[in-house]
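Undergrad: predicted model and sequence below, questions to follow.
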Amino acid sequence: MSILIDRDTRVLVQGATGNQARFDMRYCLEYGTNVVAGVSPGRGGESVDGVPVFNTVAAAVRATGANASAIYVPARGVEAAIAEALDAGLRMLVALAENVPRHDAARSVAAVRAAGAHLVGFNTNGLISPGRSKMGGIGGDRTAALYAPGRIGVCSRSGGMSAEICAALGAAGLGASTCVSMGGDPLVGMRVVEVLRLFEADPDTDASVIYGEPGGSHEAEVVAAIREGSLRKPIVAIVVGAFQERYPKGASFGHVAAMIQGADDGATAKRRMLADAGVRVAATIDAIPGLLREALGR
Amino acid sequence: MRLLEDAAKAALRDAGVDVPRGGAAGTPEEALSVARSVAGDGGRVVAKALVPAGRRGKAGAVKVCAADACGEVAASLLGMCVADTTVERVYVEEAVDIAEELYASFAFGPLSPRLVVSRSGGVDIEAVAHERPEAIVSTDIDPRSGLRTWEAVAAWEAAGVPSAALPKLAELTVKLYRAFVANDALMLEINPIGVGRDGVPRVVGTMMEIDDNALGRHPAWQRQAEASAGPGGRPLTDGERAVAEANRTLPGGATRYIELDGDIGLLVSGGGASLYQHDLILDHGGRPANHTDFSPTPTPDKQVAILEAILSRPQVRGLLIGCNHLQLARCDLIVEALAIVLRRRGLDPRGFPIVIRLFGPGEAKARELAAQFPGIRYLAPGTSLASACREIVDAVAALPPAGTEARP
């Protein structure tokens, strides 16, 4: 088991004929992901790496039984692409584009949630259930080396950091059940607490690792869920970006989400809040495996 | 980008919101002429410094006067320094009769747009939220349907506004929401909304921030944004301007580059890993000379431009190239760019520590290139980002005191 994607996930790629999509798709196929269809209006009837391309998502779903979509459409078209995927009945979506206009993002996320669907992104390299399936560019051509299978759930705001965390888990003899690069844009499809609830319900996940940055209320929501008793599995957290507190307010140093608005959502405040709720807070990625072992008593 | 009051009010007017008559002026003469045209000879006007800051009233940068006196009042505001900005223009508008001051804003919550209203307008709303949280009413808006009139009525009613005032206030609030959407705003704050003795609510103070990611849909503002400033409102440095230029003219993702006061140059990539490494450098006692968040690009050109910006600063005494495991980009292109800049600047890594933590496609070739420069420390496969940060901090700390070593 895993969350969100598994061996039976049948992936469709929207914007399949673009460069990035082709590049990632090849590595997904090599990894064993069931990529069953591509969609590019005007390119129906072609194929990419043996995968048939359709003009619409609905036609692709009818012909191939696709049940998830990796959306490579650029930011300005992403709202329409998500609407089309939902309309065709897809309920597991990954939107890779970054810098999606906020109003477009909000309308898209509202539509996704009203449909009872899941959206990973925006500004993500995807997600992976190691050894089973991956969607997006996550892992590139070194997927097996970076993402070992295991029983730790990983949820990261940064795609690069999900690779670092999973590589550290693998080197320590641990591994991931699923790793979700949830997206670095300020408004994304899933809250960290929602990903953790999925890990909580997954019998093959024993503990989770979350990676966070300054800005936003993800960590506060996690803390609220822990306090109400709905998250019981151990959590190890790493929150970076404390250096920003030494520089002028309003300066943005990293992901666009990582902009400190007030002291309450700076890295230091988040670390303290998580630690007070019993989360083990790691100062470095190197320290994560040890904290997991301590939490799991092994 | 933050719009100044003249642009924000023009945007509201275009969206059908009733805004007091007014206009911007750069000289006392212009201010007087605007004042007379909006308020007539005997009327009263408000003159405000056009600077990107709130709480201008407290700073003495908002003045009410007779239209005929507006020239002298504008002269006193122009050239004044408000929130580190010299006032170059003033905004002059008709004074509206205000019996009560209310507050309304639109911004984004975690998942959706959010309306915040309060009867306590005209003051610092953060202080109100802190001291009397019950005075603030917050309503999430479904962005697919937009703000409905009855939702606005309910919000203001919950804030304690009497029934008779609700219809006009709700109508204004719905129009403001439409302007918030039409302008791709991240934030629209009206503080205060002035309610006159006639019961009519009017827009008085306006702040609007536009989504930079939507500027493609607003070409007029895009030009303004390109002229905008560095972090904390300071002007861009030469190096920052050079990187911005490279972002504009060379292919590949945009690089964030911010110059700081330290001595360790950072060419670090990935939103996450760049934050992480900056933290660790400080934790180990080092001082970054800059922050970067660069996306490796398909040709070395842009990396050359960024490295030039970093290494041209005399205060820089060492360099960390630290990336998370590359999953798409090529390591050798980054080291190729480094080789170009080292040769061009005649830098010798034996006296100028360079630590490279770069794993991924093209790594073998990258290591060969780096080996041509004795002194470069290309870390062994699997070395953590934390170890890389410690290594550069220690190496720079071991240099002779600044100013004593020879550096071309």
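TA: Thanks, I have the structure now.

Undergrad: from here on, just use CA atoms for contacts and neighbour counts.
TA: Noted.

Undergrad: residues from the stretch 1-150 of chain A in reach of chain B?
TA: A:99-103, A:106-107, A:109-111, A:137-142 (Cα under 8 Å from any Cα of the partner chain).

Undergrad: pull out the buried positions in the longest helix seen in chain B.
TA: Secondary structure of chain B read by DSSP state H shows that its longest helix is helix B:166-182. If you call a residue buried by 16 or more other Cα atoms under 10 Å in any protein chain shown, then helix B:166-182 has these buried ones: B:166, B:169-181.

Undergrad: next SSE downstream of it?
TA: strand B:185-195 (DSSP states H and E).

Undergrad: that older thread, which other helices and strands does the longest helix of chain B contact?
TA: The contact analysis (3 or more Cα pairs under 8 Å, 6 or more residues apart in numbering or on different chains; DSSP states H and E) places helix B:166-182 against helix B:5-14, strand B:100-108, helix B:149-158, strand B:185-195, strand B:201-203.

Undergrad: now the third one, how far from the centre of its chain.
TA: When you say that, I think you mean helix B:149-158. 32 Å (Cα atoms, centre = their mean, to the nearest Å).

Undergrad: first-to-last residue distance for stretch A:64-79?
TA: 24 Å (Cα to Cα, to the nearest Å).

Undergrad: how close does residue B:86 get to residue A:161?
TA: Relative to residue A:161, and taking Cα to Cα, residue B:86 is found at 42 Å.

Undergrad: repeat for residue B:171
TA: 47 Å.

Undergrad: likewise residue B:332?
TA: 21 Å.

Undergrad: show me the beta-bridge partners of residue A:95.
TA: For residue A:95, the beta-bridge partners under DSSP bridges are residue A:71.

Undergrad: residue contacts, it?
TA: Residues in contact with residue A:95, defined by Cα atoms under 8 Å, 6 or more residues apart in numbering or on different chains, are A:70, A:71, A:72, A:78, A:119, A:120, A:121, A:122, A:123, A:124.

Undergrad: number of residues surrounding the third one?
TA: Other residues near residue A:72 come to 25 when the count uses other Cα atoms under 10 Å in any protein chain shown.

Undergrad: please apply the same query to the second one.
TA: Residue A:71 sits with 26 neighbouring residues when counted by other Cα under 10 Å.

Undergrad: thinking it is in contact with residue A:13, fair?
TA: Yes: contact status for residue A:71 versus residue A:13: in contact at 6.0 Å, counting by Cα atoms under 8 Å.

Undergrad: quick one: secondary structure of the closest residue in space to residue B:108 that isn't next to it in sequence?
TA: Nearest residue to residue B:108 in three dimensions, chain neighbours excluded: residue B:114, at 5.5 Å (Cα to Cα, 6 or more residues apart in numbering or on different chains). Taking DSSP: H, G, I helix; E, B strand; the rest coil as the rule, one finds residue B:114 in the strand state.

Undergrad: for residue A:189, see how far away residue B:114 is.
TA: Distance from residue B:114 to residue A:189, by Cα to Cα: 17 Å.

Undergrad: next one: phi and psi at residue B:25?
TA: phi -150, psi 140 (degrees, to the nearest 10).

Undergrad: can you report how many residues neighbour residue B:71?
TA: Residue B:71: 21 neighbours (other Cα under 10 Å).

Undergrad: roughly how far does it sit from chain A?
TA: Separation of residue B:71 from chain A (Cα to the nearest Cα, to the nearest Å): 35 Å.

Undergrad: for residue B:147, same thing?
TA: Counting by Cα to the nearest Cα, the gap from residue B:147 to chain A is 13 Å.

Undergrad: my guess is that residue contacts residue B:153. True?
TA: No: applying Cα under 8 Å as the test, residue B:147 and residue B:153 come out as separate, 10.5 Å apart.

Undergrad: could you point out the helix or strand that follows the worst-scoring helix or strand of chain B on mean pLDDT?
TA: Within chain B, no helix or strand scores below helix B:219-226, which has a mean of 70 by mean pLDDT, DSSP states H and E. As assigned by DSSP H and E, the chain's next helix or strand after helix B:219-226 is helix B:238-249.
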